[in-house]
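In: Please work out how this folds:
(4 chains)
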There are 2 protein chains.
Amino acid sequence: MSILSYDGGMSLRIALLGLLSFSGPASGYDLTKKFETSINHVWQAGHSQIYPELAKMAADGLITVEAEGARGRKIYTITREGRDELRHWLTEHTPPGPVRSEGALQAFLLPILDPPEALAVLRRTTEAVEAKLEHLQGLRAVKGSQAAGREEHKLGGYALDLGIRHALTTLAWARDTAAAIDPDADPGQGEPA
Amino acid sequence: MSILSYDGGMSLRIALLGLLSFSGPASGYDLTKKFETSINHVWQAGHSQIYPELAKMAADGLITVEAEGARGRKIYTITREGRDELRHWLTEHTPPGPVRSEGALQAFLLPILDPPEALAVLRRTTEAVEAKLEHLQGLRAVKGSQAAGREEHKLGGYALDLGIRHALTTLAWARDTAAAIDPDADPGQGEPA
DNA sequence: GCTGAACATGTAGAAGGTGACATGTCTAGG
DNA sequence: CCTAGACATGTCACCTTCTACATGTTCAGC
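Out: Predicted structure coming up:
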C-alpha cells in the first residue's frame, strides 16, 4: 500500500513519522513523551495508542526496529517508504476543515442561556483560553532559548504561532460577544469594539 | 444519572438537546438535516449516529416521543430533565481545550518540507480556508435576511462569528508564514507583516 | 398506474480513541 | 540490601464515529 492509499484517519501515523523524521530514531516511550510536550496542542495520543500503531507501522515497512536497548527499549527508525508516505500526506492531502470542538459547541448554544448565565460562561471561556495562551507562550519561550545550532526547535514553531493567534482571536471574540449580550457589563480588560 | 454525571464525550447528546430546546419538537430526520446545515461547523453527526442516540436519550428520560406522524415519523420533545442536563453542561462543564486538527498537524510538520513544497502547502491551505470562509459568510447572510420576529436565527450566531474570525486568523497566519519561509515570494494579496 | 425523489428509520462492522490494568527493568538513595 | 520512582512495553474493555447496507412510505409528475 504505502503511497496512493489514503483513507482518512491516519493522522497518528503521520505525527509519529514526522517526529521520527525530524528528531531521528526514538522509542515508543520517547515518542509518547514528545506527544505530551511538543505536539500535544495539535494532536493527542497516549502510549496505549502509540505502541500498537508503531507495531503496525513496522509491519507496513514504514519504520524498522534499529536496535533494542536496555529495559526492552526498542529504537525505531523511519524507512525510505516512511519518508515517502509522510511527504505524500503533507503535500497531497488536503485536511478536512470541519473540526469537532466542545468550546465552539458552547458558543453555538449560548443563546439558550439567559444573559447572566451566558456572561458567566464567557468569563469561564476567557479564563481557560488565557491559561492555554500562557502555556503556548511558555512553549515558545523555551524554543526561543534553545541554542541556534539545534534544528529541533523549528518543528512545531509555525503551529505554535497559529495556536497563539487562534487563542488571541478567541479572547477578542469572547470580549465582543459579552459586550453584545450586555453592553453595560465590564469585561475587566480591553475596550469593546 | 441525569445531572452530576458527566464523563466526557456526550457532546452529541448536548447538541441534540440544544436543537430540541431551541427549535422545539423534531424528528430524527429533522435533526439530521439541522446537523447538515446549521450546526455542521462545530459538530458533525450522521443519521446512523443520531437515531440510536435519540433512543438512548429517551430511555434516560431526557426526551420523550410526543407523537408518531406519517411514514413512521417520531416527534421527540425535550423533557424537564433534558433541559436541566443541557443547562448544567453549558454552565458547569469547562470544555477540554486540546482539539485534534489535521490542518494544525500540517502546520506543525511544515518545517520537514523544503521551502517550495511548504509554500505549496500554504497555498492549498489558503484556498481551503477561503472556501470555508465564504461558506460561513453565506450562512451569516442567510441568518441576517430572516424575519426579525424569528428567534431561531440567533442560535449559532455567536459560533458563526467565532468561526469566521478563526478563518480570517488562519489566512493571516498562512500569509505571514509564507513570507517568513520565503520573503521574496508573492503571496498574491495583502502585504507581509 | 408507474416511477423516482424525498421522507423516514434503522443495523452492522471497522476503525479510532480513552482509561485502567498488567508486567517487568534499571538505578539512585537510604 | 532494599525500595521507590522513572523507564519501558503491552493488553483489554468500552465508547464514539464512519461507511455502507437495508427497509419501507408518501407524493408529484408522467
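
In: The residue in chain A that DNA strand C sits nearest to - how many residues pack around it?
Out: Nearest residue of chain A to DNA strand C (Cβ to the nearest atom of the strand) works out as residue A:48 at 3.0 Å. Where you see a C-beta, it was placed from the backbone N, CA and C, and this is true even at glycine. Other residues near residue A:48 come to 8 when the count uses other Cβ atoms under 10 Å in any protein chain shown.

In: swap in residue A:176?
Out: When counting by other Cβ under 10 Å, one arrives at 18 neighbours for residue A:176.

In: what's the spacing between it and DNA strand D?
Out: From residue A:176 across to DNA strand D, the span is 29 Å (Cβ to the nearest atom of the strand, to the nearest Å).

In: contacting residues around residue A:137?
Out: For residue A:137, the contact set (Cβ atoms under 8 Å, 6 or more residues apart in numbering or on different chains) comprises residue A:164.

In: rerun that using 10 Å as the cut-off
Out: A:160, A:163, A:164, A:167 (Cβ atoms under 10 Å, 6 or more residues apart in numbering or on different chains).

In: Let's see the pLDDT reported for it.
Out: Residue A:137 carries a pLDDT score of 96 in this model.

In: So it: helix, strand or coil?
Out: Assigned with DSSP: H, G, I helix; E, B strand; the rest coil, residue A:137 falls in the helix class.

In: most neighbours, which of the contacts of residue A:137?
Out: The most crowded member of the contacts of residue A:137, judged by other Cβ under 10 Å, is residue A:163 (27 neighbours).

In: so the host helix or strand of that residue versus helix B:157-181, what angle?
Out: Element membership for residue A:163 (DSSP states H and E) is helix A:157-181. Using axes from the mean of the first three to the mean of the last three Cα atoms, to 10 degrees, the inter-axis angle of helix A:157-181 relative to helix B:157-181 is 150 degrees.

In: What residue, apart from its backbone neighbours, is nearest the most centrally placed residue in chain A spatially?
Out: The centroid of chain A falls nearest to residue A:42 when counting by Cα atoms, centre = their mean (1.1 Å). Of all residues not flanking residue A:42 in the chain, residue B:104 sits nearest, at 3.9 Å (Cβ to Cβ, 6 or more residues apart in numbering or on different chains).

In: got a list of what the one you found touches?
Out: Going by Cβ under 10 Å, 6+ apart, residue B:104 touches A:39, A:41-43, A:95, A:99, A:156, A:158-160, A:162-163, A:166, B:170.

In: A helix includes it, no?
Out: Yes. Residue B:104: assigned to a helix according to three-state DSSP.

In: now it: how far from residue A:76?
Out: Distance check for residue B:104 against residue A:76: by Cβ to Cβ, to the nearest Å, it reads 24 Å.

In: Flag the shaky bits of chain A, pLDDT-wise.
Out: Across chain A, the ranges flagged by pLDDT under 70 are A:1-8, A:146-153, A:185-193.

In: and it, which residues reach DNA strand D?
Out: Within chain A, the positions adjacent to DNA strand D are A:8, A:27-30, A:32, A:47-48, A:51-52, A:54-55, A:69-74, A:100 by Cβ under 7 Å from any atom of the strand.

In: Go again with 6 Å.
Out: Counting by Cβ under 6 Å from any atom of the strand, chain A comes close to DNA strand D at A:8, A:27-29, A:47-48, A:51-52, A:70-74.

In: Redo those residues as a markdown table? Include secondary structure and distance to residue B:179.
Out: Below are the residues of chain A next to DNA strand D laid out as a markdown table (DSSP: H, G, I helix; E, B strand; the rest coil; distance: Cβ to Cβ, whole Å):
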| residue | secondary structure | distance to residue B:179 |
| --- | --- | --- |
| A:8 | coil | 32 |
| A:27 | coil | 38 |
| A:28 | helix | 38 |
| A:29 | helix | 39 |
| A:47 | helix | 39 |
| A:48 | helix | 41 |
| A:51 | helix | 41 |
| A:52 | helix | 41 |
| A:70 | helix | 47 |
| A:71 | helix | 47 |
| A:72 | helix | 47 |
| A:73 | coil | 43 |
| A:74 | strand | 42 |
